[in-house]
Structure formats: structure tokens, C-alpha cells
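Enquirer: structure of the sequence below:
(one chain, ligands or ions: 1)
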Amino acid sequence: MGIRLGRNEYGKAEVRLVHVDRSADDHRIKDLNVSTRLRGDMEAVHTRGDNANCLTTDTQKNTVYALAREHGVAAAEDFGLLLARHFTGEHAPVHGAAVELQEFAWRRIPTAEGPHGHAFVRSGAETRTAVVTADRGGEWVVSGFEGLTVLKSADSEFRGFPRTRFTTLAETGERILATDVTARWRYVAESSAPGRAPQAVDWDAAYERVKALVLEAFATTRSLALQQSLYAMGEAVLRERADIAEIRFSMPNNHHFAVDLAPFGMDNPNVVLHAADRPYGRIEAAVERDDAPDAGRAWDSVPGFV
Ligand SMILES: O=c1[nH]c(=O)c2[nH]c(=O)[nH]c2[nH]1
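Expert: Predicted structure coming up:
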């Protein structure tokens, strides 16, 4: 019987990095949670415990902090590319690297004299994410966010679904539609360098625009199903952003049930609701251009996605 090592990767998970840019009177803060994953010539460490090729996870963690000091921290995507290129370029046995980043937003505390220069309050309804993957075949960037909680109190219906002997759900022409949007989008690589990450993307502007398009489509779509809202959100992004090849969503259907107030002699036309936390429907889909370039390794290290 032959036994061999299968797919493997290793890295330091959840390096909490806060970088303070003190170069101006008004400080700037980047608050990141960075996870590294390396692949390469790691047979010996697994099968024999020979650590000669094993760039330790402790070194990986130190590298996150040291490169932040050397280069500062620009957009999460830029910092991810910096790290991924460093790991694949500096240590021969490492053939590929994936860097997963979450970014927690802070904004200046408003005061009577204006926004404070060095006092911040956590902000942002959502957590920004980026996953950068690099190997000898190219570089891939997947940007995104998680936990963007939205709710519509009108213009959502759900009807026409099959009724089996186990179906109790009533059809409705008016319900609450609520979800926590997780979205991840993959950029089109520059055609002049197949597989290379796009160099010209303004990551921060793209992020704000995609979020705005997603929110607007959620708000303005008369929803016949959460699936339909999801598709409309993806379509809105791809119609405007030629630099995005594909966007994937994972969205819980956060059910809100009208409380039965009849025992108290009251009607309840969807006014008093119970926000159930579980179970919840989970709706996931990718919306993609039909001419999108191959995804390569873009999604390999994106956790929990269709
Ligand atoms: O928008 C919805 N999609 C479903 O697939 C579904 N299933 C369900 O019970 N309620 C809903 N709502």
C-alpha cells in the first residue's frame, strides 16, 4: 500500500497588526488581521520531520510586522501583494503564498474643533477583506467584505415555490428582507501579463464603489427572492466595473416572523416581528462575466465560499 502526502499549506493565522502612520499631525490607522499560507517543497517536514525548508510560522508572523515597518501599510490588497511576493521571492522552497486580510475600519472622533487628529472610533458596518495569492503561474487578488447587514421593510415577496407534503411556509407579498452580505470579487488580470495582478486598480476607490453598487441594488430591487436580489447586486457591479471578472456572495436569509398578537385581540400587519437568529436560509452564488479569464488559483484560499 502506497501512502503519500497530499495537498498541504501552512502559515500563521490571524496576525493582528495595527499600523499607525505618524508622518502627519493627523495620524492614520490601519487595523488588520493577516493570515499567511505557504505552499512549496514541504515533503520532508511532513514525512521525516526535516525542517530545513520550513520557513517557520513564527518568521512569517515577524515578516508581517517587519514589512509593515519598512514599507508602511497601504490598501489591504497592496500589503497582501507585498507579503505574497516577499514569501515567494525570498525563500526558494516556497513556491506559492496566499495572504488573507481582514481590515477593521476606524474614523476620527468628531469634536467641536473638527475630526480629532489621533483619537478614533471603530466604524464601518462591515469588515473589508482581501485574499492575495501568488505563485509561479501568476498573482490573483480577491477583494471583498463581510458582515454588511442590510434590511428592507417593504418590496420583498416570496411566492410560487413548490409545495410538498412538508411545506408549511405561507406565500407572502410583503415580508422583511434582511441579510448580512459577504461579497468577494476577483479582478480581471492585465491581459499583457496573464495571471499577474492588475497594477492600476485604485483598491480603495473600487472597494467603496462596489459596496455602494451592492447597497443600491439591494435597496432598489423589488425582491421576489433573496437569490434574485443577490443576482441583481452582482449584475450591477459587473455592468459598471469592467475590471472585475466575477463576484461571489454568501448571504443568510435573516428571517423575521410576525408575532401572533391575536391572543391579545390585536392584528399584526408585519409591524411587530421576531428576529430569529437560527436556523437561517443560506444563499450563495457567483455572478460572472461570460468572457471572464480563468480564475486560476484566485479562490483557492478564500475561506468558506461556493
Ligand atoms: O428568498 C428566499 N429564498 C429561498 O430560497 C427561501 N426559502 C425559504 O424558506 N424562504 C426563502 N426566501
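
Enquirer: could you use CA atoms for every contact and neighbour count after this?
Expert: Will do.

Enquirer: quick one: secondary structure of Trp140?
Expert: When classified by DSSP: H, G, I helix; E, B strand; the rest coil, Trp140 comes out as strand.

Enquirer: show me what it is bridged to.
Expert: Thr133 (DSSP bridges).

Enquirer: that one and Ser301: what is the separation?
Expert: Distance, Trp140 to Ser301, by Cα to Cα, to the nearest Å: 11 Å.

Enquirer: now for those two: what residues contact both?
Expert: Thr133 (Cα atoms under 8 Å, 6 or more residues apart in numbering).

Enquirer: which one's more surrounded, these two?
Expert: Neighbours were counted for Trp140 and for Ser301 using other Cα atoms under 10 Å; Trp140 has more, 26 against 18.

Enquirer: that one reaches Ala298, doesn't it?
Expert: Yes: assessed by Cα atoms under 8 Å, Trp140 is found in contact with Ala298 at 5.1 Å.

Enquirer: what do those two both touch?
Expert: With Cα under 8 Å, 6+ apart, Trp140 and Ala298 have common neighbours Val132, Thr133, Arg186.

Enquirer: which one of those residues is nearest to the ligand?
Expert: Nearest to the ligand among the shared contacts of Trp140 and Ala298 is Arg186, at 25.3 Å by Cα to the nearest ligand atom.

Enquirer: which positions in stretch 7-15 come out as buried?
Expert: Across stretch 7-15, burial judged by 16 or more other Cα atoms under 10 Å covers Tyr10, Gly11, Lys12, Ala13, Val15.

Enquirer: run through the residues that contact Ser229.
Expert: Ala217, Phe218, Thr221, Arg222, Ser223.

Enquirer: would you say it is within a helix?
Expert: Yes: counting by three-state DSSP, Ser229 is part of a helix.

Enquirer: mind checking how far it is from the ligand?
Expert: Separation of Ser229 from the ligand (Cα to the nearest ligand atom, to the nearest Å): 8 Å.

Enquirer: repeat that for His91.
Expert: Counting by Cα to the nearest ligand atom, the gap from His91 to the ligand is 48 Å.

Enquirer: now that residue: closest residue in space that isn't a chain neighbour?
Expert: Leu55 (7.8 Å; Cα to Cα, 6 or more residues apart in numbering).

Enquirer: from Lys61, how far off is that neighbour?
Expert: Following Cα to Cα, the distance that separates Leu55 from Lys61 is 11 Å.

Enquirer: which one of those two has more residues nearby?
Expert: More neighbours surround Lys61 than the other of Leu55 and Lys61, with 20 against 17 (other Cα under 10 Å).

Enquirer: for that one, grab phi and psi.
Expert: Phi and psi for Lys61, reported as degrees, to the nearest 10, are phi -60, psi -50.

Enquirer: with Phe218 instead?
Expert: phi -60, psi -40.

Enquirer: who's in contact with it?
Expert: Ser229, Leu230, Ala232, Met233 are the contacts of Phe218 under Cα under 8 Å, 6+ apart.
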